[in-house]
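In: Sequence isn't available, so here's the structure alone:
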């Protein structure tokens, strides 16, 4: 992996910065180089917020995202403001339909992870949505191994909630794996058609 | 707590994901900073926040002051008693500190101030980076003085160069500044911090004031003296106020460098100013830290400092792939201006590009030295922004524009 750029956007309180931090910490677990930056305004709750993580095996010169590989969008405003920044042919969108329903991309791969919904329905805990999404991002992007993602969660969450968070992480892995399979099947159908 | 325990506690050994402001605070603590006075101001508030937590663990003192004027005065007070002390602020707070910093310069005080710059003038934009305070650092106070300012460009450097900043303050007995910005201070990166024993080897401790070695005609010699041509300087250790050997005062009126007493004699005042200024500017080649990158065969040199140097590095790498002969001279220390290194580069290249997060405060300096040996002036192109960090593409576009 030479250089992977992830950009996250949503509104304050959704855990946009937490997600960027988790990916950065996970990259560090594997001894990779990492640069993480974020919008810094009064965005405790409600306002637009973005964050980005650049991960590389080599030293990172320019530490900001220049040409993102993955765009993680969690709100309508975020989609409006940041959709155009994903220019790479191989670039992919990751969105949560719970907070961003009507989002379509004609040319780019689009992974819909209903993390907030899963968090409420399966875990009865909205707060684990982040960890589900983190699991899905790791599965989709392969920025780090699942083992490193687990260690990251172990080192981040309070011990009392560890078990639940690890389950949420596994659910993120599982959902994304399934989705990847479906998308690749669709893709194969499209090619033969 | 014994010394070993303090050393151990003061070094946050390991590989961490650290925010720039925190990495800088850790660097300063590792460097031996044991007193911090400050006032919250975005984008540097994480520095006092972290200091408040960490300083008591290493036997240090953290003081939250009522404003930046009080902060720098408290830092001066702590330095007078022999502590390594610092404050940290952003542009508007830095402006408030100028009166006291001017005096600290007059009495050659080894202290450190970090300026995590944000957009100005006025209250500016609290969350956006700029390098608008570059000139203010040495021209913000009354009178004339030369300082040392160091500009890290990564979280790792915010740690490493903070130690260097404290060392330079001790070696040259001068207020030293760490230049960060809103963007660097809030970025998180991998920071590798070595074992305490390793850090110990890097630290320059406060030199001990030994009266017998620092006396002129029976009086303590507390200020720097120079030879007639200002080529050699004798910098005495900074004596702690109120100690047995130095129960004296420090005055804010101009003093004689030799007697330490107030003077109104023009030639004596002149000598004081020349000594404190030339001590730094004439030793530029010894103080300056620069990094050279791909300059050997370069026809275009980018000269820059701080965060834009990372954009520049990416630009150089991209241009080299296309066979464009471009190199980078990075000014790790911004002040004193690295005249020797800049002249050396200017002699060999055809054009210079200076990307800065201001409208050319250092470009103005570089223009003074942008000549070939035959006296021919070479063009210095500015890529100026405030509030915006240059993208590598912007610098590449400029390079391509000027080679046509």
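Out: Happy to help now that I have it. Just so it is clear, the structure is predicted and the values come from calculations on it, not from any experiment.
In: where does chain A have low pLDDT?
Out: A:1, A:41-46, A:191-193 (pLDDT under 70).
In: now the helices: where do they sit in it?
Out: A:16-29, A:76-82, A:115-123, A:129-141, A:146-156, A:162-192 (DSSP state H).
In: Residue B:295 is nearest to which of those?
Out: Residue B:295 lies closest to helix A:16-29 among these, at 31.9 Å (Cβ to Cβ). (Glycine included, C-beta is placed from N, CA and C.)
In: Quick one: name the residues of chain B near chain A.
Out: Contacts of chain B with chain A, taken as Cβ under 8 Å from any Cβ of the partner chain, map to B:15-17, B:42-43, B:127, B:154, B:182-183, B:186-190, B:310-311, B:313-314, B:317, B:389, B:391-393.
In: Same question for stretch B:274-289: list its buried residues.
Out: B:275-280, B:282-284, B:287-289 (16 or more other Cβ atoms under 10 Å in any protein chain shown).
In: Check the separation of the first and last residues in it.
Out: 23 Å (Cα to Cα, to the nearest Å).
In: which outside residues touch that stretch?
Out: With contact meaning Cβ atoms under 8 Å, 6 or more residues apart in numbering or on different chains, stretch B:274-289 is reached by B:105-106, B:108, B:144-148, B:150, B:164, B:168, B:172, B:174, B:223-226, B:230-231, B:233, B:235, B:257, B:331-333, B:335-341.
In: From those, keep the buried residues only.
Out: Counted by 16+ other Cβ under 10 Å, the contacts of stretch B:274-289 give B:105-106, B:108, B:145-148, B:150, B:164, B:168, B:172, B:174, B:223-226, B:233, B:235, B:257, B:331-333, B:335-339, B:341 as buried.
In: I'd like to know which of these are part of strands.
Out: Secondary structure assignment by DSSP state E places B:148, B:150, B:225-226, B:233, B:331, B:333, B:335 of the buried ones among the contacts of stretch B:274-289 in strands.
In: which among those gets closest to chain A?
Out: residue B:331 (17.0 Å; Cβ to the nearest Cβ).
In: which residue sits closest to that closest one, ignoring its sequence neighbours?
Out: Closest residue in space to residue B:331, ignoring its immediate chain neighbours: residue B:305 at 4.1 Å, by Cβ to Cβ, 6 or more residues apart in numbering or on different chains.
In: how close does the residue nearest the centre of chain A get to residue A:106?
Out: Chain A has residue A:137 as the residue nearest its centroid, 4.2 Å off, counting by Cα atoms, centre = their mean. Look at residue A:137 and residue A:106: by Cβ to Cβ, to the nearest Å, they are 23 Å apart.
In: now swap in residue B:96 and tell me
Out: Residue B:96 sits at a distance of 55 Å from residue A:106 (criterion: Cβ to Cβ).
In: Over to residue B:144?
Out: Taking Cβ to Cβ, one finds residue B:144 at 64 Å from residue A:106.
In: follow-up on the earlier one: residues contacting the residue nearest to the centre of chain A?
Out: A:6, A:19, A:23, A:70, A:72, A:94, A:143, A:172, A:176.
In: Torsion angles phi and psi at residue B:75?
Out: phi -60, psi -40 (degrees, to the nearest 10).
In: That one and residue B:87 touch, don't they?
Out: Yes: between residue B:75 and residue B:87 a contact is recorded at 4.8 Å, counting by Cβ atoms under 8 Å.
In: what is in contact with those two at once?
Out: B:36-37, B:113.
In: Just give me the neighbour total for residue 27.
Out: Going with chain A. 28 (other Cβ atoms under 10 Å in any protein chain shown).
In: ah, I was thinking of chain B
Out: Quick note: residue B:27 (other Cβ under 10 Å) scores 30 neighbours.
In: Who's the closest spatial neighbour of it, skipping the chain neighbours?
Out: Here the residue nearest residue B:27, using Cβ to Cβ, 6+ apart, is residue B:162, at 2.9 Å.
In: and that neighbour, backbone torsions?
Out: phi -70, psi -40.
In: confidence score at it?
Out: Looking at residue B:162, its pLDDT is 98.
In: Isn't it up against residue B:21?
Out: No: in this structure residue B:162 lies outside contact range of residue B:21 using Cβ under 8 Å: 11.1 Å.
In: buried ones in stretch B:64-82?
Out: So, applying 16+ other Cβ under 10 Å, buried residues of stretch B:64-82: B:65, B:68-76, B:78-80, B:82.
In: Is residue B:114 in a helix, a strand, or coil?
Out: strand (DSSP: H, G, I helix; E, B strand; the rest coil).
In: burial measure for it, as a count.
Out: Neighbours of residue B:114 (other Cβ under 10 Å): 30.
In: Ok, residue A:185 next?
Out: Residue A:185: 10 surrounding residues under other Cβ under 10 Å.
In: Likewise for residue B:104?
Out: With other Cβ under 10 Å as criterion, residue B:104 counts 26.
In: excluding its backbone neighbours, what's nearest it?
Out: residue B:175 (5.0 Å).
In: And that neighbour, what's its pLDDT?
Out: Value for residue B:175, per-residue pLDDT: 98.
In: pretty sure it is touching residue B:109, no?
Out: Yes: between residue B:175 and residue B:109 there is a contact under Cβ under 8 Å: 6.2 Å.
In: What residue in the stretch 1-150 of chain B comes nearest to chain A?
Out: Closest point on the stretch 1-150 of chain B to chain A, by Cβ to the nearest Cβ, is residue B:127, at 4.3 Å.
In: which residues does the residue lying closest to that residue once chain neighbours are set aside contact?
Out: In space, and not counting its chain neighbours, residue B:127 is closest to residue A:40: 4.3 Å by Cβ to Cβ, 6+ apart. Contact partners of residue A:40, counting by Cβ under 8 Å, 6+ apart, are B:42-43, B:127, B:182, B:186.
In: Out of the residues you listed, who's the most crowded?
Out: Neighbour max across the contacts of residue A:40 (other Cβ under 10 Å) = residue B:182, 28 neighbours.
In: Perfect, that will be all.
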